[in-house]
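>>> here are the coordinates; sequence isn't available:
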């Protein structure tokens with residue numbers, strides 16, 4: 001099934017992101033990144049979870065900071081090797097910028113930050 005992001009396009013600082021698509025084949029992991037408009041790189045967020053067939057979710061995705069309301073961002077989902085996903089996971093909890101993602105882009109969407117804090 002083709003990947004898509006189905007959650008809102010106006011988002012708080014922290015929100016759950018969801019969509020449609022199938023879990024990647026063995027040896028690959030789907031991960032989500034946040035890319036601020038105008039930045040040449042991606043901030044790693046987390047691996048996706050696949051709670052039911054053909055659906056995925058990422059909980060508590062952080063988009064920007066307290067200075068970000070009204071700004072544009074992009075959410076990107078990539079399929080990367082399990083080894084690269086493991087390396088990325090070691091950075092959980094802190095902003096981690098990568099300039100290139102060694103993987104396959106599955107989907108992306110543009111979002112705008114609102115002034116709400118969200119659910120973190």
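It's in. Keep in mind that what you see is a predicted model, and the values were worked out from it rather than measured.
>>> just to check, residue 98 is in contact with residue 42?
Yes. Applying CB atoms under 8 Å, one finds residue 98 in contact with residue 42, separated by 5.5 Å. All C-beta atoms are positioned from the backbone trio N, CA, C, and that covers glycine.
>>> what about the two, which has more around it?
residue 42 (22 against 15; other CB atoms under 10 Å).
>>> from residue 18, how far off is that one?
19 Å (CB to CB, to the nearest Å).
>>> cool, residue 29 as well?
When residue 29 is compared with residue 18 (using CB to CB), they lie 17 Å apart.
>>> now do residue 5
For residue 5, the distance to residue 18 - CB to CB - is 8 Å.
>>> and these two? Which one has more around it.
Just comparing residue 5 and residue 18: by other CB under 10 Å the higher neighbour count belongs to residue 5, 23 against 18.
>>> quick one: contacts for the more buried one?
Shown in contact with residue 5 (CB atoms under 8 Å, 6 or more residues apart in numbering): 17-19, 75, 77, 107-109.
>>> dump those to a markdown table, plus distance to residue 90.
Converted to a markdown table, the contacts of residue 5 look like this (distance: CB to CB, whole Å):
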| residue | distance to residue 90 |
| --- | --- |
| 17 | 22 |
| 18 | 25 |
| 19 | 25 |
| 75 | 22 |
| 77 | 20 |
| 107 | 25 |
| 108 | 24 |
| 109 | 27 |
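>>> give the contact list for residue 31.
44-48, 77-78, 80, 85, 88, 103.
>>> again, only this time at 7 Å
Neighbour list for residue 31: 44, 46-48, 78, 80, 85, 88 [criterion: CB atoms under 7 Å, 6 or more residues apart in numbering].
>>> do the same with residue 118
With CB under 7 Å, 6+ apart, residue 118 has these contacts: 12-15.
>>> what sits against residue 1?
Neighbours of residue 1 in contact, by CB under 7 Å, 6+ apart: 20-22, 54.
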